[in-house]
Each structure stands twice: as C-alpha cells, then as structure tokens.
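1. Here is my input, please return the structure:
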Amino acid sequence: MTDHRHLARNADGETSHLAAATIDTDLTERHRQTLDAIASICPATDLEMAEHLARLGFGKEESCRRVVRTLREEHGLLVAAVDADGIQIRHLNSTGRWAECWTPRPFPQLRLFR
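-> Numbering: from 1, shown residues only. Below is the predicted model:
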C-alpha cells in the first residue's frame, strides 16, 4: 500500500487526507514532462521547482509542490544535489528560509538530459 501522508498537511482536515489517499502516485507522462522541465533549473529547492513549474503552466504552486514531493519521496527520482565536497547544496528561498536542493536522478529513458 502506498503512503500518501506527504500529499496532505498534518493540519489539513480529514477530507484532505481522504482525498490524498485517492491520488495515483504511479509515474505518468506528466511526471516525465515535469522532470524534463525542472532539469534545466536544478539544483533547486522544492519551492524553486514548484514556482518554475507554475510559471510554465503545470498548475498552481501548491499542486506543483506536491508533484515535486511525489517525484522525490514516492519515486526516488529527485536526489540530493551536492557540491564538490559532497555536502548538500542549500538555497535561500523567496520565503527567506534556507532549503535543501535536489536534482533529477539521471535516467536516460526518461529523456532528462539532452
């Protein structure tokens, strides 16, 4: 059984959690398109990726954040972006908070890199 807890906030009501449990988290063509779109801006934080995807018309920022989390947490397709010393890169988000950066895992069959 798939864990859908990350698709709803802890503070969300019961109906949000019930709705999250109905979401299909299998990798779709839309996920592949999303990976292609974010590859050009990575390394990036969840928020940076979500803002970029929203600008490209993939949906509202919050729904784009959920897709990013699904790609990382459910599918393992986003991995920690590290510097030359092996330390995970962090960016200061538009919110004024530091956040860890991620990058797509290189899967040639997903056409991530041209």
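2. now the helices: where do they sit in the chain?
-> Using DSSP state H, the helices found in the chain span residues 14-20, 29-39, 46-55, 61-69.
3. wait, which of those is closest to residue 97?
-> Between residue 97 and the helices of the chain, the shortest gap by Cβ to Cβ is with helix 46-55, which sits at 8.6 Å. From N, CA and C alone the C-beta is placed, and that goes for glycine too.
4. List the buried residues for stretch 62-82?
-> 64-72, 74, 77-78, 81 (16 or more other Cβ atoms under 10 Å).
5. Now do it: distance to the chain's middle.
-> Here stretch 62-82 is found 3 Å from its chain centre; the criterion is Cα atoms, centre = their mean, to the nearest Å.
6. Let me know the average pLDDT across that stretch.
-> For stretch 62-82, mean pLDDT is 92.
7. Using PDB, write out the CA atom coordinates for it.
-> Only the C-alpha atoms of stretch 62-82 are listed here, as PDB (Å, rounded to 0.1, in the frame of the first residue of the first chain):
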ATOM      1  CA  GLU A  62       1.000  24.200  -4.200                       C
ATOM      2  CA  SER A  63       0.000  21.400  -6.600                       C
ATOM      3  CA  CYS A  64       3.400  21.600  -8.200                       C
ATOM      4  CA  ARG A  65       5.000  21.200  -4.800                       C
ATOM      5  CA  ARG A  66       3.000  18.000  -4.300                       C
ATOM      6  CA  VAL A  67       4.300  16.700  -7.600                       C
ATOM      7  CA  VAL A  68       7.900  17.500  -6.700                       C
ATOM      8  CA  ARG A  69       7.500  15.700  -3.300                       C
ATOM      9  CA  THR A  70       5.900  12.700  -5.100                       C
ATOM     10  CA  LEU A  71       8.800  12.500  -7.500                       C
ATOM     11  CA  ARG A  72      11.300  12.600  -4.700                       C
ATOM     12  CA  GLU A  73       9.500  10.600  -1.900                       C
ATOM     13  CA  GLU A  74       7.400   8.100  -3.800                       C
ATOM     14  CA  HIS A  75       9.600   7.500  -6.900                       C
ATOM     15  CA  GLY A  76      13.100   8.500  -5.700                       C
ATOM     16  CA  LEU A  77      13.600  10.500  -8.900                       C
ATOM     17  CA  LEU A  78      15.000  13.600  -7.200                       C
ATOM     18  CA  VAL A  79      18.200  13.200  -5.300                       C
ATOM     19  CA  ALA A  80      20.200  15.500  -3.100                       C
ATOM     20  CA  ALA A  81      22.300  18.000  -5.100                       C
ATOM     21  CA  VAL A  82      25.800  18.000  -3.600                       C
END
